[in-house]
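Student: dropping a prediction and its sequence here:
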Amino acid sequence: MAYFEGIQPFHPALCAHAATRTKPNPGQRIMNDPSRELFENYERYYTGFDTSLEDIRKFHLERVPRWLDRIDKQARILDAGCAKGYLLSLLHRLGYSDLRGVDLSESLAAQARSILPPSVMIETADIRDYLGKTPDESFDVILFHHVLEHLPREHTIPVLRSFRRCLKGGGYLSIRVPNVSSLMGSINCFWDFTHVIYFNERSLLQVLDAAGFDVSKAELILHPPRLYWSWRHPVRAVFRLLNRLRWHLNNAIHYGLCLLQDIRPIPKVFEWEIEVLIKK
């Protein structure tokens, strides 16, 4: 991450995690937050893509984190913004047993409980309250996917500090947000009325640094479509190859435009979302 020295295609399902957005402070008028009505009924805007684990394996689909093989099966994992519990259900089927989820939406949390075994604890809570009562160094991994863009600016760094406190030494925080540096970033960022803050890779690392993380331990996770071959599904395999070429073409176009605009340093991520994995 040397470029950071000195702090120098969208799917609406992903934003179901927005239901963990913080509630107004006590005494604050609800009308001050025009997004509140949307959060209370967020499941109306949730259209999941609950692909089976079998199809994920068969077609090499991007549904679980690419870095998951680093994580021990006994790790304690928190999905902060678990929505319907889809990712937790995949992790459970992959052999992870010490799982927790939290979501502000009672209806989404209820759906998560309905598909997960009782051993996977799902709590309906404001993320600030949940973290406030969580002891230090409670988790090996915290997933915070497509939630940060919904938090008011004044809560961004305090919540990240709380995540750092709750992580064990050597634990990982995974964050995903829409990438405003993408050519179609405006579509991704303004797709949801409840998005209130926008990030590129530089500003995301900036707030992580302010929260006390060592950004030299941060990784920008790229997602080139995985290639595979299947005699039973040759058409799908060919389309995956074409999709991989599209991914490279998208990067080349963005890189060329950065050169034309003399943007320095040139960003490393041109996908529609940014994923940062940072180690405590």
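Tutor: All right, it came through fine. Numbers count the residues shown, from 1 in each chain.
Student: mind checking pLDDT for the residue lying farthest from the centre of the chain?
Tutor: Distance from the C-alpha centroid of the chain peaks at Trp231, with 33.8 Å (Cα atoms, centre = their mean). pLDDT for Trp231: 87.
Student: ok, now Arg93?
Tutor: On pLDDT, Arg93 comes in at 90.
Student: roughly how far apart are it and Arg44?
Tutor: 28 Å (Cβ to Cβ, to the nearest Å). To be clear about C-beta, it is placed using only N, CA and C from the backbone, and glycine gets the same treatment.
Student: which one of those two is surrounded by more residues?
Tutor: Arg93 (13 against 9; other Cβ atoms under 10 Å).
Student: relative to His146, how far out is that one?
Tutor: According to Cβ to Cβ, Arg93 and His146 sit 22 Å apart.
Student: what do you get for Thr134?
Tutor: For Thr134, the distance to His146 equals 21 Å [Cβ to Cβ].
Student: what do you get for Leu160?
Tutor: Taking Cβ to Cβ, one finds Leu160 at 15 Å from His146.
Student: same question, Asp103
Tutor: 12 Å.
Student: looking at those two, which is more packed in?
Tutor: Taking other Cβ under 10 Å, Asp103 and His146 do not tie; Asp103 has more neighbours (31 against 23).
Student: if I read this right, that one contacts Tyr86, doesn't it?
Tutor: No: contact criterion Cβ atoms under 8 Å: Asp103 and Tyr86 do not qualify, at 11.9 Å.
Student: for Lys279, what are its contacts?
Tutor: Lys279 is in contact with 170-172, 214, 217-218, counting by Cβ atoms under 8 Å, 6 or more residues apart in numbering.
Student: who touches Ser138 in this structure?
Tutor: Counting by Cβ under 8 Å, 6+ apart, Ser138 touches 76, 78, 166, 168.
Student: and the furthest pair within those residues?
Tutor: With Cβ to Cβ as the measure, no two of these lie farther apart than Leu78 and Lys168, at 11.4 Å.
Student: overlap of the contact sets of the two?
Tutor: With Cβ under 8 Å, 6+ apart, Leu78 and Lys168 have common neighbours 138-139.
Student: between these two, which is the more surrounded one?
Tutor: Counted by other Cβ under 10 Å, Leu78 and Lys168 do not tie: Leu78 has more neighbours, with 27 against 15.
Student: is the more buried one in a helix, a strand, or coil?
Tutor: Following DSSP: H, G, I helix; E, B strand; the rest coil, Leu78 is assigned to strand.
Student: in this structure it contacts Gly101, no?
Tutor: Yes: counting by Cβ under 8 Å, Leu78 does reach Gly101; the two are 7.4 Å apart.
Student: rewinding a little: looking at the contacts of Lys279, which are in strands?
Tutor: Using DSSP state E, the members of the contacts of Lys279 that fall within strands are 170-172, 218.
Student: how about the residues you listed in TSV, adding pLDDT, neighbour count and distance to Cys189?
Tutor: Below are the ones in strands among the contacts of Lys279 laid out as TSV (pLDDT from 0 to 100; neighbours: other Cβ atoms under 10 Å; distance: Cβ to Cβ, whole Å):
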residue	pLDDT	neighbour count	distance to Cys189
Gly170	96	9	33
Gly171	97	22	29
Tyr172	98	23	26
Ala218	97	21	22
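Student: Throw these into CSV and include distance to Ile274, thanks.
Tutor: Output for these, formatted as CSV (distance: Cβ to Cβ, whole Å):
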residue, distance to Ile274
Gly170, 23
Gly171, 20
Tyr172, 16
Ala218, 11
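Student: check those residues against Arg128 and report the nearest one.
Tutor: Looking across these and measuring by Cβ to Cβ, the closest to Arg128 is Gly171, at 19.9 Å.
Student: right, and that closest one touches Lys217 too?
Tutor: No: using Cβ under 8 Å, Gly171 is not in contact with Lys217, being 11.2 Å away.
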